[in-house]
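Colleague: take a look and give me a structure for this.
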Amino acid sequence: ETAETLAPVCTRSDVLAAGASYLAIDLTVDVAGDALPSVTNTATASGGGESYTANNTATDPTTIIQLVPSLNVTKSVVDENGGNLAIGDNLQYTVVIQNLTGGYLAGAQFTDAIPINTTFIAGSATAPSGSTIVTETPTLNITGINVPAHGQVMITFRVVVDGGTEVTNQGSVAFDTNGD
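Modeller: Sure, this is the predicted structure:
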């Protein structure tokens, strides 16, 4: 991955006296939520007939402080057969993971034990682009979930009701806040 290169040019035509300096040039930039953890700004001065150019470049490395993502996770279920819950009904669960901050969330994991009184419908799970469905049953396990700053991703899966009169379900999302 490389950072976008922007090369602003500042030009002066007046003579700089020996030992003197020009006023500072300040640049303000917006940092993307998925920025690299470190960037280096490089400035180069040239011109004026100078013969010794080895000291005409300066660099300024900057550490980007990543914001810790704050998540809002919602889960809903729809009985695809409608009406009251009955044996043989198909239920579709939808999980939305929303990143509420400007920090990029990388490598989250979603786990969800398939509910008692149901059977997972093989192949019904959908996962966000770039993530991996590790297992589907008895626990749906999806790893490598990336959520962009202020963005969201969706997971869906289906089960069939095979017994009982009540189905309860709860999943969880976990992520490493400090990269270890």
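Colleague: give the contact list for N81.
Modeller: The contact partners of N81, taken as Cβ atoms under 8 Å, 6 or more residues apart in numbering, are 88-90. Bear in mind the C-beta positions are built from the backbone N, C-alpha and C, glycine included.
Colleague: by neighbour count, which of those wins?
Modeller: Neighbour counts for the contacts of N81 (other Cβ atoms under 10 Å) peak at D89, which has 18 neighbours.
Colleague: please report how far it lies from K75.
Modeller: Counting by Cβ to Cβ, to the nearest Å, the gap from D89 to K75 is 18 Å.
Colleague: strands along the protein, start to end?
Modeller: Using DSSP state E, the strands of the chain run over residues 38-44, 57-63, 71-79, 90-99, 105-113, 118-120, 132-135, 139-147, 152-161, 171-174.
Colleague: of the contacts of N81, which is the nearest to L16?
Modeller: N90 (76.5 Å; Cβ to Cβ).
Colleague: okay, now the nearest residue to the closest one once chain neighbours are set aside: neighbour count?
Modeller: Leaving out its chain neighbours, the residue that sits closest to N90 by Cβ to Cβ, 6 or more residues apart in numbering is E80, at 4.3 Å. Using other Cβ under 10 Å, E80 has 11 neighbouring residues.
Colleague: ok, now G144?
Modeller: 15.
Colleague: got it, and A35?
Modeller: 18.
Colleague: can you start the count at 78 instead of 1 from here on
Modeller: Done: numbering now begins at 78, and the last item shifts to A112.
Colleague: got the CA coordinates for stretch 155-171 in CSV?
Modeller: What follows is stretch 155-171, C-alpha atoms only, in CSV (Å, rounded to 0.1, in the frame of the first residue of the first chain):
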residue,chain,number,x,y,z
VAL,A,155,-37.3,-12.4,9.6
ASP,A,156,-39.6,-15.5,9.5
GLU,A,157,-39.5,-16.1,5.8
ASN,A,158,-42.7,-18.1,6.0
GLY,A,159,-44.6,-15.2,7.8
GLY,A,160,-47.2,-15.7,10.6
ASN,A,161,-46.4,-17.4,13.9
LEU,A,162,-43.2,-19.3,14.4
ALA,A,163,-43.7,-23.0,13.4
ILE,A,164,-41.6,-26.1,12.9
GLY,A,165,-40.3,-26.0,9.3
ASP,A,166,-40.1,-22.2,9.1
ASN,A,167,-37.0,-20.6,7.7
LEU,A,168,-35.5,-17.7,9.6
GLN,A,169,-33.1,-15.2,8.1
TYR,A,170,-30.8,-13.3,10.5
THR,A,171,-29.2,-10.1,9.4
